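Trainee: Sharing a sequence plus its predicted fold:
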Amino acid sequence: MKFIKRSKSSKRNDPFSISISDLMAGILMIFILALISMFFINKSENERNNHQVEQRKEILEFMQDLPEAKSGKITIDAENGVILITTNDSGGNNHEKTPIFESGESRLTPEGEKLIRAIAAKIDDSRNKKKEAWESIDTIIIEGHTDNVQYNDPSSDKNNLKLSVDRAIATYKVTLSALSLNPENPNQDIANNTNSNVVKKWKNADDQFIFSVAGYGESRLINKAAPNSAENRRIEFRFLLKHHKIKDLK
């Protein structure tokens, strides 16, 4: 019986034989290509996000010529997309200022309603004149905030969280009314039409209504060193971008 010894050269010529070094080189190349791909994807995403931030800034800067902003009645933070109105709803150093809510109340004062309508009118003006920039806006949240002073009346069902929600809703309704929308049904205009240009105007790119409300009570103090200060009693219009959404609500 003869035994045939396979030569080393025949093993090298085997087309199905792959060395470990070749395999590792292939895996390394795939890894490098994946990293390059992730780099360009992240770069593109960052550029898109930065573009949206700049568009929001353009809208808020447009609103800074409001007389109420120049007089200090409202504060416009163009960088972070926030319009802030201090409620001035209690005594102390705020006697010289007109409150937009009476202490412990959720109904806007006449001065407060006038102020909110002025803000709404300027938002409307920016919607007409900054249409391209508005493509980046997903939601405007009307937020209510309080200080840390609690109600002393145990028989009352009021608390800071409820008060902040009620004030946000009151502001929301006045805003919608000023924009010729039905305050009780944002899918209708004041004439109860559901498909009018006014209704379409206040939908975002996903055909969703732009305005919403939130109440935070005392959980988001802006002056933590003085938690009972007037700065913490406020209404905010917060402009969220399309790439923010859930992330910014956490």
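Mentor: Structure received. Residues are numbered from 1 along each chain as shown.
Trainee: okay, CA-based contacts and neighbour counts for the rest of this
Mentor: Will do.
Trainee: give the contact list for Ile141.
Mentor: For Ile141, the contact set (C-alpha atoms under 8 Å, 6 or more residues apart in numbering) comprises 211-214, 236-240.
Trainee: Now list the buried members of those.
Mentor: 211, 213-214, 236-240 (16 or more other C-alpha atoms under 10 Å).
Trainee: ok, so of those, who is nearest Phe62?
Mentor: Minimum separation from Phe62 among the buried ones among the contacts of Ile141 (C-alpha to C-alpha) is found for Phe239, which lies at 13.9 Å.
Trainee: related to what we said a few turns ago, in strands, which of the contacts of Ile141 appear?
Mentor: Members of the contacts of Ile141 lying in strands (criterion: DSSP state E): 211-214, 236-240.
Trainee: pLDDT below threshold where in the chain?
Mentor: Applying pLDDT under 70 to the chain picks out residues 1-18, 39-48, 90-97, 151-156, 243-250.
Trainee: pull the longest helix from this protein.
Mentor: helix 20-62 (DSSP state H).
Trainee: helices or strands next to that helix in the packing?
Mentor: Applying 3 or more C-alpha pairs under 8 Å, 6 or more residues apart in numbering; DSSP states H and E, one finds that helix 20-62 contacts helix 131-134, strand 234-241.
Trainee: Ok, which of the ones you listed comes nearest Lys122?
Mentor: strand 234-241 (12.6 Å).
Trainee: List the strands paired with the closest one, with their directions.
Mentor: Strand 234-241 pairs in its sheet with strand 82-86 (antiparallel), strand 137-145 (antiparallel), by DSSP bridges.
Trainee: what's the most buried one of the ones you listed?
Mentor: Among the strands paired with strand 234-241, judged by mean count of other C-alpha atoms under 10 Å, the one packed with the most neighbours on average is strand 137-145 (a mean of 24).
Trainee: now that one and strand 211-215, what's the angle there?
Mentor: 30 degrees (axes from the mean of the first three to the mean of the last three C-alpha atoms, to 10 degrees).
Trainee: Centre of the chain to strand 137-145, how far?
Mentor: Mean-position distance between strand 137-145 and its chain equals 6 Å (C-alpha atoms, centre = their mean, to the nearest Å).
Trainee: same check, this time on stretch 71-85
Mentor: Centroid separation between stretch 71-85 and its chain, computed with C-alpha atoms, centre = their mean, is 14 Å.
Trainee: Need the distance between the two termini of that stretch.
Mentor: 12 Å (C-alpha to C-alpha, to the nearest Å).
Trainee: Same question for stretch 217-227.
Mentor: Termini of stretch 217-227 sit 12 Å apart (C-alpha to C-alpha).
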